[in-house]
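K.L.:
Only the shape, not the letters, is given here:
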């Protein structure tokens, strides 16, 4: 038997051990109850990897559901540093297949981040090549890239998106919230090497695709207007041709053209307007020759692009993306006489048969302001004054209205405010301060000089003048739908009714129809339709450089306008009168668009005969 | 081999005892059950902690499980065999075993295989083993033998020093490469002597000296000091990673745990989670409840051992059990204290559960000795 003290000591030993165990259990309880939340959170932060799933961007449709901006499947390539086994091989493959510089790729590959993006918007075929190599640590994710099926169609209206599918200019940025949707995310558990754990329940938040946007654009009208604009651009070697076609009753814009347009799928490729002049000619020449010329022009273009500094390049691109119709102001010139005449009728200071005299100029204070017709129009009624676009008549009418009433009417027609069009970067008008307007300023303003507005502002004012006096908001966005086609939002725009009196509007329609029927806008006539309109030839600032903007504002049918349009030819070469070069383009567009819109022609006797003959010709 | 060999001078009494022994032979089934349960639970946890990384690195999820299972089977067989033997017979080889142990410890310093910087392995053919694990058995048997021989005069400090002299040489050799094992061996030696000696005061002094020396040692060895800093603030040091990961695992277990096999921390976050840090994964998967259950199993095991020691037929048997129980208890305490960051980090496996074949087999052999002692308990009045 062992001694008693030995037993006691064994018992002491046991007590010491149990005491230590008790302490450890206390420590464990503290860690696993009191500190549990703290460590759990830290551990989860370590295990969870969040991967966002891009939401599909909404499609932009025209008014008839034709896709203007859609999505094309592409891939984005990224690397996970901790999973890379053969760094050199990965770098080499990435450089070769994605044609990137080694230095930047290596830096990204070595970056010890969770996930480093190498390149996005990689073509699926290219990504598949990379996928076939089965490189550890290289992740290829399916993605969508914005794709514009019509390339350059309405480029300055639609705009384009950046590398993260975010809108950069145009409707893409204006309707970013509608189109972008909400990105989803996948929360996955990963092990210490960053590898996702299969079969672990992952929490996935589905992305909500963006809404589709239905615009008022009509692809056919837009296309036709672009063709017509490009034709006159080439014919007149102009710097730029802009066209806006709108429904004057509600402000829905059918087409907005600014040639040269740029390719939305390659928005960073500079377009040279000179290339458009020769394009047609090239197409006519033999294919071999054509290739040669194209090659040379390509080289010249590249050279000039490379010569530019970074800032110059950015400026050039910004300039290319500009939408002249809303981003820039100009002196409207004679088309603005519509506003002056409206003001005079609103204020009852003139009747259609009031007579005026035009000696070819008018002396206002110390200035001698010329009429465009050197010899003068002689004695003429107010109506004839509009038809002739006679400056002295309008100077007199303007003087009769007076400064404050003139400004009151400008305000009624929305000339001091932005039109509210749903495009970013709209410019405001540049007007004299009312208190600074003296006789000379009033006189020049009466025929559209010494201030600047945007073409769209003029079109909006003119719409109010011809639609019975309702000031509409020009716009593109009509409604948004979700994936299933259910309408989620209908866009509403402010409408100011009775901005001007109905009688004034009726009179103005008659007057403007007369301008086209027998005045300076006669080339704007369209067989079978009653067209109203006004021409303008504005000399660009600074004066005397021989640079003009020739424009024509027209609408049809004159008694109940369904379409109103403006065309501006910037710096035409040769003949620059709006009535001569701009009006025929509008006439050509109207003659096609009016039947397309379902407005039936009502031929007068002479026109009918012509048509009948044409018809017989075709039958034979 | 299992024959008991009674010494000549007490042959007659022995013979009488042998018959008694066989008639009312006592076998501590409770202890056997607790040990086997711990071994099987250990295999489950080794599989749970190692399967993912084993699959990735070794290509087989059961790589570690199979190896551990082989040692578990061999160890259990050895345990049952040793339990059948008379521990007095084993006592004859105490000195021989001790010499062999010191020889192996020197050998490992010369031709040992290193792992994680420290030389701890001996490789013979395809078999690798850790002499320091075998040393624990050697030290238990030898110190118990010496203490029994000198039991009458062990109160004398000089005599006591003579008893511990040889074990101290072995401990010093171990300490060169593996401080934590040296500490465990010291604790075993000290506890055996403490139990044998009628004195109390000198052990209090020794205890204070050990604590003081440890403090000085920690102050002097700068890399140990760094360990202290890491221990106090594991989040601020890169080397605190392992400790921190263990804490994450323990903390995220909560009261009921994530469920068996559901640990995330074992997926490479805790390096070698099937080794020394296995208890943190037990906490993560089975929660505070599971952790306390495991601790309770060890407490039962220790309690059974203590009971056997107190009822042992002779001092030698009691001292063997004291040595074994100290070995197990100290290792469990250090292991859990390390994973819970209660003491500065050091590598000590959790007995029966952590991966490690030599350690498991040796532990089972030691338990065999304890069972052998238990079998010789006489059952009358006391028990």
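P.N.:
Now that the structure is in, tell me what you want to look at. As the structure is a computational prediction, the values presented were derived from the model and not from experiment.

K.L.:
so what's the residue in chain A that chain B sits nearest to closest to, chain neighbours aside?
P.N.:
At 2.3 Å from chain B, residue A:39 is the closest residue in chain A, using Cβ to the nearest Cβ. All C-beta spots, glycine's among them, are computed from the backbone N, C-alpha and C. Spatial nearest neighbour of residue A:39, excluding adjacent residues (Cβ to Cβ, 6 or more residues apart in numbering or on different chains): residue B:251 at 2.3 Å.

K.L.:
List the contacts of that neighbour.
P.N.:
A:31-32, A:35-36, A:38-40, A:42-43 (Cβ atoms under 8 Å, 6 or more residues apart in numbering or on different chains).

K.L.:
Would you mind checking which of these is nearest to residue B:322?
P.N.:
Taking Cβ to Cβ as the measure, residue B:322 lies nearest residue A:31 of the contacts of residue B:251, at 31.5 Å.

K.L.:
Write out the residues of chain A neighbouring chain B.
P.N.:
A:1-3, A:5-7, A:9-11, A:13-14, A:17-18, A:20-21, A:23-25, A:27-29, A:31-33, A:35-36, A:38-40, A:42-44, A:46-47, A:189, A:191-193, A:197 (Cβ under 8 Å from any Cβ of the partner chain).

K.L.:
so of those, which ones are in strands?
P.N.:
Counted as lying in strands by DSSP state E, out of the residues of chain A next to chain B, are residue A:189.

K.L.:
surely residue A:500 meets residue A:342?
P.N.:
Yes: counting by Cβ atoms under 8 Å, residue A:342 is a contact partner of residue A:500 at 6.1 Å.

K.L.:
what's the overlap in contacts for the two?
P.N.:
Contact criterion Cβ under 8 Å, 6+ apart; residues shared by residue A:500 and residue A:342: A:409, A:413, A:465.

K.L.:
now, among the residues you listed, which is nearest to residue A:597?
P.N.:
residue A:465 (20.7 Å).

K.L.:
per-residue confidence averaged over whatever helix or strand that closest one lives in?
P.N.:
Assigned by DSSP states H and E, residue A:465 belongs to helix A:455-466. For helix A:455-466, mean pLDDT rounds to 94.

K.L.:
downstream neighbour of that helix in the secondary structure list?
P.N.:
strand A:477-481.

K.L.:
What score does the residue of chain B found nearest chain A have for pLDDT?
P.N.:
Residue of chain B nearest chain A, by Cβ to the nearest Cβ: residue B:251 (2.3 Å). Listed pLDDT for residue B:251 reads 91.

K.L.:
can you confirm it is in a helix?
P.N.:
Yes: applying DSSP: H, G, I helix; E, B strand; the rest coil, one finds residue B:251 inside a helix.

K.L.:
ranges for the strands of the stretch 101-250 of chain B?
P.N.:
B:113-115, B:118-124, B:127-129 (DSSP state E, counting those that start in this stretch).

K.L.:
residue ranges for the helices of the stretch 51-200 of chain B, please.
P.N.:
Assigned helices in the stretch 51-200 of chain B, in chain order: B:63-84, B:87-91, B:94-111, B:131-149, B:157-175, B:179-196 (criterion: DSSP state H, counting those that start in this stretch).

K.L.:
Switch the ones you listed over to JSON lines; also include mean pLDDT.
P.N.:
Putting the helices of the stretch 51-200 of chain B into JSON lines (pLDDT from 0 to 100) gives the following:
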{"stretch": "helix B:63-84", "mean pLDDT": "93"}
{"stretch": "helix B:87-91", "mean pLDDT": "86"}
{"stretch": "helix B:94-111", "mean pLDDT": "89"}
{"stretch": "helix B:131-149", "mean pLDDT": "91"}
{"stretch": "helix B:157-175", "mean pLDDT": "90"}
{"stretch": "helix B:179-196", "mean pLDDT": "91"}
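
K.L.:
Let me see the contact set for residue 248.
P.N.:
Picked chain A for this. A:462-463, A:466-467, A:472, A:555, A:561-564.

K.L.:
my bad, the chain I had in mind was chain B
P.N.:
Residue B:248 neighbours (Cβ under 8 Å, 6+ apart): A:39, A:42-43, A:46, B:265, B:269.

K.L.:
tell me which of those is nearest to residue A:446?
P.N.:
If you rank the contacts of residue B:248 by distance to residue A:446 using Cβ to Cβ, residue A:46 comes first, at 75.7 Å.

K.L.:
okay, now that closest one: neighbour count?
P.N.:
For residue A:46, the neighbour count with other Cβ atoms under 10 Å in any protein chain shown is 17.

K.L.:
So between residue A:500 and residue A:342, which is more surrounded?
P.N.:
residue A:342 (28 against 22).

K.L.:
isn't that one right next to residue A:410, touching?
P.N.:
No: if you go by Cβ under 8 Å, residue A:342 and residue A:410 don't touch, sitting 10.0 Å apart.

K.L.:
re the thing from before, quick one, which of the contacts of residue A:248 are buried?
P.N.:
With burial judged by 16 or more other Cβ atoms under 10 Å in any protein chain shown, the buried subset of those is A:462-463, A:466-467, A:472, A:555, A:561-564.

K.L.:
What are the phi and psi values at residue B:274?
P.N.:
When quoted as degrees, to the nearest 10, the phi and psi of residue B:274 stand at phi -90, psi -10.

K.L.:
Below-threshold pLDDT in the chain: ranges please.
P.N.:
Since no chain was named, I'll use chain A. Low-confidence segments of chain A (pLDDT under 70): A:1, A:112-114, A:194, A:196-202, A:278-304, A:604-620.

K.L.:
oops, chain B please
P.N.:
B:1-25, B:113-120, B:124-127, B:218-225, B:379-383.

K.L.:
Could you check how far the longest helix seen in it is from the centre of its chain?
P.N.:
Assignment by DSSP state H gives helix B:278-311 as the longest helix of chain B. The chain centre lies 14 Å from the centre of helix B:278-311; the measure is Cα atoms, centre = their mean, to the nearest Å.

K.L.:
what packs against it?
P.N.:
helix A:4-29, helix B:29-57, helix B:241-253, helix B:315-339, helix B:357-375 (3 or more Cβ pairs under 8 Å, 6 or more residues apart in numbering or on different chains; DSSP states H and E).
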